[in-house]
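Participant: Turn this into a model:
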Amino acid sequence: MSQRVVVTGAGCVTPLGNNLDAMWRNVIAGRSGVGPLTRFDASRFPCRIAAEVRDWSVSEVGEDPARWVKHPPQTLFSVGASIQAVRAAGLDSCQPDPLRFGVYFGCGETFPELRDLADLMAPAIREGQLDAREFNRRALAAMDPEEAMYCEPHVPACCVAGLVDAQGPNFNCVAACASSTQAIGNAAELIRRGDADIMLAGGAHSMIHPLGITGLHRLSVLTQSNEMLDKAMRPFDANRDGFVVGEGGAVVVLESLEHALARGAEIWGELTGYASGHDAFHLTDTHPEGRGFARCVQESLRQAHLNVDDIDYVNAHGTSTRMNDRIETLALKRAFGPAVYRIPVSSTKSMMGHATTACGAIELVVTLMAVRRGVIPPTINYETPDPECDLDYVPNAAREHTCRHAMSVSLGFGGQCAALVVSQYRGRSAMARFPHAA
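Facilitator: Residues are numbered from 1 along each chain as shown. Down below sits the predicted model:
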């Protein structure tokens, strides 16, 4: 019999707050985490703003910063969010079976800190040229091999497993901006089929680095509205011109319902549906009609045994790029039909920027909180309607709204897409939701 999967805790480190309560307060207040880019000298870069995690250290969760000094930000965010989630779920006092306790993250490529790298990269952006041989020579000379090793995507999951003695399944998903959404869905599947009782699932990332900013700029996805600061990120608005890079991490504790009930855990919600798919269209662009994404949304509803009228909120991918916002809107129309016009759809990237591989985990936590608290977060900076983006984007102010079931969706470069459905927990006697459940 397939196991039902519930959420019993969560933690996060984000540009809007370094713990769950702070983040949620700021999201509901419609605050922006965007400001001048301070991680390096960006004065010669076309995009000079970012949504940075500020004033945070692993010491806030009881870790010695000296232990983590050579690790990149995504590992620090993973550690912080995981320890918060473990404590919120009460796992630090219940001693779970380590062999039935796993970790599944969606962390991406990251970069060692190289001296003078911003000086090397600025000419490449300004003039479209770079002496690759000279850049490689200087970069390699400046690189600490140990620090470079810690930049591998699988390292955060390994580090967290060691901290919490999780000796069960351990994976990292790399699927561009759908990575952490897929990680959470895949972690739930491990529990459903009985391979684990508990999974820490989520992800972290930071591309606020000269190489990251350079690559995203060359893809023409970044805003250059530097003078607008906290208004530069404006999903679905007619004047959107690209996204602001964000960073951070979020982790949820997933458990089988039976395990959670046996230990008397508080159940925050139930993960009822998950689907992933692919456009099979282009290396970076989304299919113009969002075919993979629309099918993914529909399949997540089927897996959850729900229909379109059951969904009370969608946390959109909402990147603030002209093409993606238009295609996402079209795909939601295809997936939900006329019902889409009654569903609140908001992009919390408008406040936290685009955290790349971590965005899905952060947004799933926001969606979970919307279900728990009955409040829909807004899309801030929505001022000028776009005729091609004509849904209810919850403009500029949060809204009280009962959420029985809500969906969080992610799209990634390469055509990856994923959708998660989180629902109010309805008790042990609720009908099993999955086709293969007895």
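Participant: where are the low-confidence patches of the stretch 51-200 of the chain?
Facilitator: Confidence mapping of the stretch 51-200 of the chain against pLDDT under 70 gives the ranges 114-145.
Participant: ranges for the helices of it?
Facilitator: 73-88, 117-127, 132-142, 145-149, 155-164, 179-192 (DSSP state H, counting those that start in this stretch).
Participant: Restricting to C-alpha, output the last one in CSV.
Facilitator: Listed next in CSV are the C-alpha coordinates belonging to helix 179-192 (Å, rounded to 0.1, in the frame of the first residue of the first chain):
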residue,chain,number,x,y,z
SER,A,179,15.7,21.2,-9.4
SER,A,180,14.4,21.6,-5.9
THR,A,181,10.7,21.1,-6.9
GLN,A,182,11.7,17.8,-8.5
ALA,A,183,13.8,17.0,-5.4
ILE,A,184,10.8,17.4,-3.1
GLY,A,185,8.6,15.4,-5.4
ASN,A,186,11.1,12.6,-5.8
ALA,A,187,11.7,12.5,-2.0
ALA,A,188,8.0,12.1,-1.5
GLU,A,189,8.0,9.2,-4.0
LEU,A,190,10.8,7.4,-1.9
ILE,A,191,8.5,7.6,1.1
ARG,A,192,5.4,6.5,-0.8
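Participant: isn't residue 25 right next to residue 17, touching?
Facilitator: Yes: using Cβ atoms under 8 Å, residue 25 is in contact with residue 17, at 7.0 Å. (Glycine included, C-beta is placed from N, CA and C.)
Participant: Compare those two and say which is more crowded by neighbours.
Facilitator: Legend: neighbour count by other Cβ atoms under 10 Å for residue 25 and residue 17, higher for residue 17 (21 against 12).
Participant: What about the closest residue in space to that one that isn't next to it in sequence, how many residues nearby?
Facilitator: If the residues on either side of it in the chain are set aside, residue 17 comes closest to residue 23, at 3.7 Å by Cβ to Cβ, 6 or more residues apart in numbering. Burial of residue 23 is recorded as 27 neighbouring residues (other Cβ under 10 Å).
Participant: How is residue 23 assigned, secondary-structure-wise?
Facilitator: For residue 23, the secondary-structure state derived from DSSP: H, G, I helix; E, B strand; the rest coil is helix.
Participant: And it, what's its pLDDT?
Facilitator: The score at residue 23 is 98. That number is its pLDDT.
Participant: if I read this right, it contacts residue 10, doesn't it?
Facilitator: No: the criterion here is Cβ under 8 Å, and residue 23 misses it with residue 10 at 10.0 Å.
Participant: which residues are in contact with both of these two?
Facilitator: Counting by Cβ atoms under 8 Å, 6 or more residues apart in numbering, the shared contacts of residue 23 and residue 10 are residue 365.
Participant: hang on, residue 169 packs against residue 191?
Facilitator: No: counting by Cβ under 8 Å, residue 169 sits too far from residue 191 to count as a contact (9.7 Å).
Participant: Quick check on these two: which one has the bigger neighbour count.
Facilitator: More neighbours sit around residue 191 than around the other of residue 169 and residue 191, counting by other Cβ under 10 Å; the figures are 27 against 20.
Participant: Is residue 413 located within a strand, as I assumed?
Facilitator: No: using three-state DSSP, the secondary structure at residue 413 is coil, not a strand.
Participant: show me the contacts for the nearest residue to it once chain neighbours are set aside.
Facilitator: The shortest distance from residue 413 to any residue that is not its chain neighbour, by Cβ to Cβ, 6+ apart, is 4.3 Å, and that residue is residue 176. Residues counted as contacts of residue 176 (Cβ under 8 Å, 6+ apart) are 108, 356-357, 412-414, 416.
Participant: try it again with 10 Å
Facilitator: Under the criterion of Cβ atoms under 10 Å, 6 or more residues apart in numbering, the contact list for residue 176 reads 106, 108, 182, 284, 356-357, 410-416.
Participant: could those be laid out in TSV, adding distance to residue 76 and neighbour count?
Facilitator: Output for the contacts of residue 176, formatted as TSV (distance: Cβ to Cβ, whole Å; neighbours: other Cβ atoms under 10 Å):
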residue	distance to residue 76	neighbour count
106	16	39
108	15	24
182	23	27
284	29	13
356	16	31
357	15	34
410	23	31
411	27	30
412	23	27
413	25	17
414	27	19
415	31	23
416	26	25
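Participant: Identify, from the residues you listed, the entry nearest to residue 2.
Facilitator: Distance to residue 2 across the contacts of residue 176 (Cβ to Cβ) is lowest for residue 182, with 19.3 Å.
Participant: so the closest one touches residue 410, yeah?
Facilitator: Yes: contact status for residue 182 versus residue 410: in contact at 7.9 Å, counting by Cβ atoms under 10 Å.
Participant: Alpha carbons of stretch 57-76, as CSV, please.
Facilitator: C-alpha atoms of stretch 57-76 as CSV (Å, rounded to 0.1, in the frame of the first residue of the first chain):
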residue,chain,number,x,y,z
SER,A,57,25.5,33.3,9.6
VAL,A,58,25.4,29.6,10.4
SER,A,59,26.1,30.6,14.0
GLU,A,60,22.3,31.4,14.1
VAL,A,61,21.6,27.7,14.1
GLY,A,62,24.4,26.8,16.4
GLU,A,63,27.1,26.0,13.9
ASP,A,64,30.7,27.2,14.1
PRO,A,65,31.3,29.5,11.1
ALA,A,66,35.0,28.5,11.0
ARG,A,67,33.9,24.9,10.1
TRP,A,68,32.2,26.2,7.0
VAL,A,69,34.5,28.9,5.8
LYS,A,70,35.5,27.2,2.6
HIS,A,71,32.0,26.2,1.6
PRO,A,72,29.9,28.3,-0.9
PRO,A,73,26.7,30.0,0.2
GLN,A,74,24.4,27.2,-1.0
THR,A,75,25.9,24.8,1.5
LEU,A,76,25.5,27.4,4.3
